[in-house]
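K.L.:
sequence plus the predicted model coming up.
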Amino acid sequence: MTRILAIESSCDETAVAITEDGKLLANVVATQIAVHEKYGGVMPEIASRLHAENITVCLTEALRQSKLTLEDIDAFAVTRGPGLIGCLHVGLQAAKTLAALYHKPLIPVHHLAGHIYANQYAGEFHYPMLCVVVSGGNTELVIMKDDMDFEIIGETLDDAVGECYDKVARVLGLPYPGGLPIDQHAKLGQHTYELHKPRMPHDTYDFSYSGLKTQVINLVNTLKMKGEPVRMDDMAKSFQDVAIGMVVDRAMRAAKNYGVKQIVLAGGVSANSYLREEMKKAVEHTGIELVIPPLWCTTDNAAMIAKVAEKLYVRKVFAPLTLGVDPNWRISDWDKFD
Amino acid sequence: MLSLLLDSSNSALAVGLAEDGKLVDEIQYEANQRQSEVMVDEIAKLFDKHNVTKKDLSGVVVTKGPGSYTGVRIALTVAKTVAFAWNTPLFLVSSLEALKDGDKPSICLSNARSKRSYISVYEGEKAIMEDRIMDNKDVLTYISEHPEYEVCGDAKYLGIEGKRINVLANLAKCAKEHYSVEPLGAKPVYLKDSTGSSEMKVIVRPMISADMSQIMEIENASFKHPYEQSHFQYELLENPFAHILVATVDSLVVGFVDFMITFDSATINQIAVKENVRTKGIGTRLIGEMIKVCKEQKDEVDFVTLEVRASNLTAQKFYKRHAFELITTKKAYYDDGEDALYYVRSIIND
């Protein structure tokens, strides 16, 4: 029997989960969204402060839920990156301390591998597989030919798609995080505003979102100067078409070229209903299976970190107590952490 | 019994073991922002060397700031985790007090950057000047006006050779008054707020578990008959009708409102604001945000009710100012026989 305690603190959720042979015994998430929405985005220093305040509270609650004690845990796992550096430090200290006190292995987990493997709470993987990783901090296409085998084939050259949503929401006066409110407005609107896709090579799998964000800001400012109202629903729809269109376009092209059996969505933006619908439509009659994560897995949590940690435990991917964080850790380097 | 001593609030890493107020062993070096990597490893080595197990440890003593934000968080997170895991007491000591020169009057300094210093002045246990942030030119003036005081800490940034103090030796002598009653929610002292603005920015948000100790502090200081912590625990975790909003300044809780929404009406259970920030509109903000929450409900909330002790005139004045009307007096409503005044405010037209 293997019991793993996993800690996640890479952005704005402090989370602790405990699993026993893959079964989730505890899943605690202390979200900071209520704090950050006042600023219209995650404030790294404030997020780090809240992690430091919440971490032991979350640990206590996880143990209570699991009805276990720390002596029962076989390994301590932690998100080592990517993420906000100050935030990552907090989870790392807690995990290292527990591993040291109980002389148990320390397992370093890649945050995005976590988001991908969260889908195993929904179903099994069939390789080769395309992972569409879309969140507030990342936008990547990853090909998996086998278990824990990641190849990045495309990524954003500037802003992440979720970050772009948040910034556009702020310009439009919508609350943070921007994904849901924009999605809701877009459902009521028409694509009437002219927003361009970024000029990029036709065969690229890379993304660019900063130009799209700038276009929206300029358009809103121009309308305001002219004294014309911004039709919120139409603006949201026009923006979302381009933003999500870019994801669907790249994903489907990659899926065909790499001959994948499955496409899995991962990350916060995979909660977006329009992305889900468009991807469902796109895979129709292609024979490719689309795996959509349960909504609770789209936000940051430690259950997904525990899921990856189970695989690493079997492979004995353990870190020394001198482990450091890596805010820019590449998923293809998931087993390199010196 | 041993205590574990930790400090990483500035550029150095310091890990020590103490017994009966005296250092048993120590590891100290310039870690240059590598504290996150090395601290736990050094603790593990020290524990191995001295065969320290759970039953040998009687406490963890850690510096809580002010200092490098990340550095302070590293030692404090490690200390909190040890205290939590081994269920051992946690002691929080000011990073400046840890620099004092025994019982001699000491000006304790560290670099706060932006031409400012963290400064405090101690004479033994007594703080002549409490931890604060000060412009470097004022610090220099203060030092020149107090030539009899020892300047302690790494003051090279001021062009002064401060006396180097063994922080761990000071932490070893840590007195009982530094005991943290709520180690799970223990938080660093930053002194500066993260946005750098000097005006008071009040943020109202839903309560989280880590707010508990601060809410209890305000509750106990504000009422003759305070609620027990278990009440707020129940409201926060179990009562599906309850809402608790907290007002924060620089991420410190300065007030809260605890209310319940049951279909068409809301009831205020408790509202309190920290004494030193009263009459600055924080209570008004809390009432306003509470009404916003009421308005967001699927089932429309039409009115807000509350009971207040007949003797609590300050609160009654506050409610009247916020358009609450006295409807009736409930005789001997409270356990001790005191009457309650029942107030109602309609929010239909808000």
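P.N.:
Looks like it came in fine. If you're wondering where the values come from, they're calculated on a predicted model, not measured in any experiment.
K.L.:
how far away is the residue most central in space within chain B from chain A?
P.N.:
For chain B, the residue nearest the mean C-alpha position is residue B:187 (5.7 Å; Cα atoms, centre = their mean). Distance, residue B:187 to chain A, by Cβ to the nearest Cβ, to the nearest Å: 5 Å. Backbone N, C-alpha and C define where each C-beta goes, glycine included.
K.L.:
just confirm yes or no for the helix or strand where residue B:46 lies near chain A.
P.N.:
Residue B:46 is part of helix B:35-49, with elements assigned from DSSP states H and E. Yes: using Cβ under 8 Å from any Cβ of the partner chain, helix B:35-49 reaches chain A at B:36-41, B:43-44, B:47.
K.L.:
same check, this time on stretch B:289-307
P.N.:
No: judged by Cβ under 8 Å from any Cβ, stretch B:289-307 stays clear of chain A, getting no closer than 11.0 Å.
K.L.:
go through that stretch and flag the buried ones.
P.N.:
B:289-291, B:293-294, B:301, B:304-307 (16 or more other Cβ atoms under 10 Å in any protein chain shown).
K.L.:
same question, stretch A:322-338
P.N.:
A:322-327, A:329-331, A:334, A:337.
K.L.:
residues touching residue A:71, list them.
P.N.:
Residue A:71 sits next to residue A:102 when contact means Cβ atoms under 8 Å, 6 or more residues apart in numbering or on different chains.
K.L.:
re the thing from before, so which of the buried residues of stretch B:289-307 are in strands?
P.N.:
B:304-307 (DSSP state E).
K.L.:
circling back: show me what the helix holding residue B:46 is packed up against.
P.N.:
Judged by 3 or more Cβ pairs under 8 Å, 6 or more residues apart in numbering or on different chains; DSSP states H and E, helix B:35-49 is in contact with helix A:85-102, strand B:2-7, strand B:12-19, strand B:22-30, helix B:69-85.
K.L.:
phi and psi next, for residue A:188.
P.N.:
Phi and psi for residue A:188, reported as degrees, to the nearest 10, are phi -100, psi 0.
K.L.:
my guess is it contacts residue A:231, does it?
P.N.:
No: Residue A:188 lies out of contact with residue A:231 (Cβ atoms under 8 Å); the separation is 10.1 Å.
K.L.:
buried residues of stretch B:133-140, list them for me.
P.N.:
B:134, B:136, B:139-140.
K.L.:
quick one: which of those residues is nearest to residue A:202?
P.N.:
residue B:136 (58.3 Å; Cβ to Cβ).
K.L.:
tell me how far the nearest residue to that closest one once chain neighbours are set aside lies from residue B:69.
P.N.:
Nearest residue to residue B:136, sequence neighbours excluded (Cβ to Cβ, 6 or more residues apart in numbering or on different chains): residue B:115, at 5.0 Å. Separation of residue B:115 from residue B:69 (Cβ to Cβ, to the nearest Å): 18 Å.
K.L.:
looking at the two, which is more packed in?
P.N.:
Counted by other Cβ atoms under 10 Å in any protein chain shown, residue B:115 and residue B:69 do not tie: residue B:69 has more neighbours, with 19 against 11.
K.L.:
for residue B:135, which non-adjacent residue is closest in space?
P.N.:
residue B:116 (5.7 Å).
K.L.:
near chain B, which residues of chain A show up?
P.N.:
Near chain B, when you scan chain A using Cβ under 8 Å from any Cβ, you find A:30, A:34-35, A:38, A:43, A:45-46, A:48-50, A:52-57, A:59-61, A:70, A:86, A:89-90, A:92-94, A:96-102, A:320-325.
K.L.:
restricted to buried residues, select the residues you listed in ChimeraX.
P.N.:
In ChimeraX, a selection of the buried entries from the residues of chain A next to chain B looks like this (16+ other Cβ under 10 Å):
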select /A:30,35,38,43,45,46,48,49,50,52,53,54,55,56,57,59,61,70,86,89,90,92,93,94,96,97,98,99,100,101,102,321,322,323,324,325
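K.L.:
is chain A within reach of the next helix or strand after the helix holding residue B:46?
P.N.:
Following helix B:35-49 in sequence order, the next helix or strand is strand B:57-63 (DSSP H and E). No: Strand B:57-63 stays clear of chain A (Cβ under 8 Å from any Cβ), getting no nearer than 9.6 Å.
K.L.:
residue contacts, residue B:210?
P.N.:
A:30, A:50, A:53-54, A:57, B:184-185, B:187.
K.L.:
reformat these as TSV; add pLDDT.
P.N.:
Listed next are the contacts of residue B:210 as TSV, based on pLDDT from 0 to 100:
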residue	pLDDT
A:30	90
A:50	90
A:53	91
A:54	92
A:57	93
B:184	83
B:185	81
B:187	86
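K.L.:
from the residues you listed, pick the one nearest residue A:308.
P.N.:
Distances from residue A:308 to the contacts of residue B:210, taken as Cβ to Cβ, are shortest for residue A:30 (20.9 Å).
K.L.:
wait, a strand at the closest one?
P.N.:
Yes: membership of residue A:30 in a strand is supported by DSSP: H, G, I helix; E, B strand; the rest coil.
K.L.:
verify the stated contact: it with residue B:207.
P.N.:
No: assessed by Cβ under 8 Å, residue A:30 is found out of contact with residue B:207, at 11.5 Å.
K.L.:
ranges for the helices of the stretch 1-150 of chain A?
P.N.:
For the stretch 1-150 of chain A, the helices defined by DSSP state H, counting those that start in this stretch cover A:33-36, A:44-66, A:85-102, A:111-117.
K.L.:
now render these as a markdown table, adding distance to residue B:108.
P.N.:
Shown next, in a markdown table, are these (distance: least, Cβ to Cβ, whole Å):
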| stretch | distance to residue B:108 |
| --- | --- |
| helix A:33-36 | 32 |
| helix A:44-66 | 23 |
| helix A:85-102 | 25 |
| helix A:111-117 | 40 |
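K.L.:
so which of those helices gets nearest residue B:328?
P.N.:
Short answer: helix A:33-36, nearest of the helices of the stretch 1-150 of chain A by Cβ to Cβ, at 36.1 Å.
K.L.:
who does the closest one touch, helix- and strand-wise?
P.N.:
helix A:44-66, strand B:202-206.
K.L.:
can you tell me which of those has the worst average pLDDT?
P.N.:
Across the helices and strands packed on helix A:33-36, strand B:202-206 has the smallest mean pLDDT, namely a mean of 88.
K.L.:
sorry, back to before: out of the buried residues of stretch B:133-140, list just those in strands.
P.N.:
Here DSSP E is the test, and the buried residues of stretch B:133-140 give residue B:134 as lying in strands.
K.L.:
tell me how far whatever helix or strand residue B:320 lives in is from the chain's mean position?
P.N.:
Take DSSP H and E as the rule and residue B:320 turns out to sit in helix B:313-321. For helix B:313-321, the separation from the chain centroid amounts to 29 Å (computed by Cα atoms, centre = their mean, to the nearest Å).
K.L.:
what does stretch A:148-164 give?
P.N.:
10 Å.
K.L.:
so which bits of it are buried?
P.N.:
Buried residues in stretch A:148-164 (16+ other Cβ under 10 Å): A:148, A:150, A:152-156, A:158-164.
K.L.:
reformat these as CSV; add secondary structure, distance to residue A:14 and pLDDT.
P.N.:
Shown next, in CSV, are those (DSSP: H, G, I helix; E, B strand; the rest coil; distance: Cβ to Cβ, whole Å; pLDDT from 0 to 100):
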residue, secondary structure, distance to residue A:14, pLDDT
A:148, coil, 26, 97
A:150, strand, 26, 97
A:152, strand, 28, 96
A:153, strand, 32, 97
A:154, strand, 31, 96
A:155, strand, 27, 95
A:156, strand, 26, 94
A:158, coil, 28, 92
A:159, coil, 25, 92
A:160, coil, 21, 94
A:161, helix, 24, 96
A:162, helix, 19, 94
A:163, helix, 21, 91
A:164, helix, 25, 94
